[in-house]
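> Give me a 3D structure for the following:
(chains A and B)
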Amino acid sequence: DTGVSQNPRHKITKRGQNVTFRCDPISEHNRLYWYRQTLGQGPEFLTYFQNEAQLEKSRLLSDRFSAERPKGSFSTLEIQRTEQGDSAMYLCASSSGWTGIFEQYFGPGTRLTVT
Amino acid sequence: GNSVTQMEGPVTLSEEAFLTINCTYTATGYPSLFWYVQYPGEGLQLLLKATKADDKGSNKGFEATYRKETTSFHLEKGSVQVSDSAVYFCALMNYGGSQGNLIFGKGTKLSVKP
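This next block holds a predicted model:
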């Protein structure tokens, strides 16, 4: 069990560019979550996968955001035409749906800075 | 809707002082409650949890009791250490409509001085 990993850890991009982040969950965890955390705030839910199916999306997830989990393992989060308001820490978490409490384990996050 | 309110920080304590970080929640149904901790430069770590009323979660000397009558889940520790300096987040998970995503408070930064 190597924990949840995220890449890159930091990303600086210019406004209008597209960016993609990757999350590798704990192996055999069937649930994967994306959250966004801005300075001084708690994480806010963006979207959730069970295996390869995207089951829920927050209203925070505008149409510039897209997430995939093509084989039910790793996931990618893409932001198109980035805006300065997209600057935040993007967190990934995974959990096993087979234990009753769906305890979520978080990765270290990807810090996005849009200039 | 579901929400979590926790006391604003920063909280500054001397080593061995008693810690309380207040957390209250609003939720339909019967949520599960969590405390997560974020140490400087690290990711969120689950500190403790409680799944039903009157449950007490505990870990590393920290405790919190799920109080349904007051909709609270206050975090306590009898004697803090410098190594407890971190940001603490209270969170709830409500299975009713959201498939289990966490709803977090804004976090409380704790600084412990030697």
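
> is chain B contacted by stretch A:76-89?
No. For stretch A:76-89, no contact with chain B is found by C-beta under 8 Å from any C-beta of the partner chain; the gap never falls below 9.6 Å. (Glycine included, C-beta is placed from N, CA and C.)

> end to end, how far does that stretch reach?
15 Å (C-alpha to C-alpha, to the nearest Å).

> now swap in stretch B:43-60 and tell me
18 Å.

> and that stretch, how far from the chain's centre?
Remark: stretch B:43-60 is offset 8 Å from the chain centroid, using C-alpha atoms, centre = their mean, to the nearest Å.

> Please apply the same query to stretch A:26-35.
10 Å.

> what's the answer for stretch A:45-65, then?
Distance, centroid of stretch A:45-65 to centroid of chain: 9 Å (C-alpha atoms, centre = their mean).

> Distance check, whichever residue of chain B sits closest to chain A against A:Phe21.
Residue nearest to chain A within chain B (C-beta to the nearest C-beta): B:Phe104, separated by 3.1 Å. Computed with C-beta to C-beta, to the nearest Å, the distance linking B:Phe104 and A:Phe21 is 20 Å.

> for chain A, what are the nearby residues on chain B?
B:4, B:32, B:36, B:42-46, B:49, B:51, B:89, B:91, B:93, B:98-107.

> redo that, cut-off 6 Å
When proximity is defined by C-beta under 6 Å from any C-beta of the partner chain, chain B lies next to chain A at B:Gly43, B:Leu44, B:Phe89, B:Gln99, B:Gly100, B:Asn101, B:Phe104, B:Gly105, B:Lys106, B:Gly107.
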